[in-house]
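Engineer: Quick check, what structure comes out for this input:
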Amino acid sequence: MYLHQMSLRRSNLYRFLRLFFKKFLKDSILRKSSQVKNDFLQK
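Structural biologist: Coordinates of the predicted model:
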């Protein structure tokens, strides 16, 4: 029982981390692309 709870918690943690990383990556990519676009427009 205890082991099952631990694995469940771990899977939830992994899911949360994966969501967080996806969001973070998307934000960083969007920011970088906008930066590149601004640089391109300024030239």
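Engineer: and the host helix or strand of Lys23, how far out from the chain's middle?
Structural biologist: Assigned by DSSP states H and E, Lys23 falls within helix 2-42. Its chain's C-alpha centre and that of helix 2-42 lie 0 Å apart, by C-alpha atoms, centre = their mean, to the nearest Å.
Engineer: Mean confidence (pLDDT) on that helix, please.
Structural biologist: For helix 2-42, mean pLDDT is 90.
Engineer: Relative to Phe21, how far out is Ser28?
Structural biologist: 10 Å (C-beta to C-beta, to the nearest Å). All C-beta spots, glycine's among them, are computed from the backbone N, C-alpha and C.
Engineer: Oh, that last question was meant for Asp39, not what I typed.
Structural biologist: 26 Å.
Engineer: Nearest the geometric middle of this structure, what residue?
Structural biologist: Phe21 (2.0 Å; C-alpha atoms, centre = their mean).
Engineer: OK, contacts around that residue?
Structural biologist: Neighbour list for Phe21: empty [criterion: C-beta atoms under 8 Å, 6 or more residues apart in numbering].
Engineer: now Ser7
Structural biologist: Taking C-beta under 8 Å, 6+ apart, one finds nothing in contact with Ser7.
Engineer: what's the neighbour count on Ser11?
Structural biologist: By other C-beta atoms under 10 Å, 10 other residues sit near Ser11.
Engineer: Leu19 now?
Structural biologist: 10.
Engineer: try Gln42
Structural biologist: Counted with other C-beta under 10 Å, Gln42 comes out at 6.
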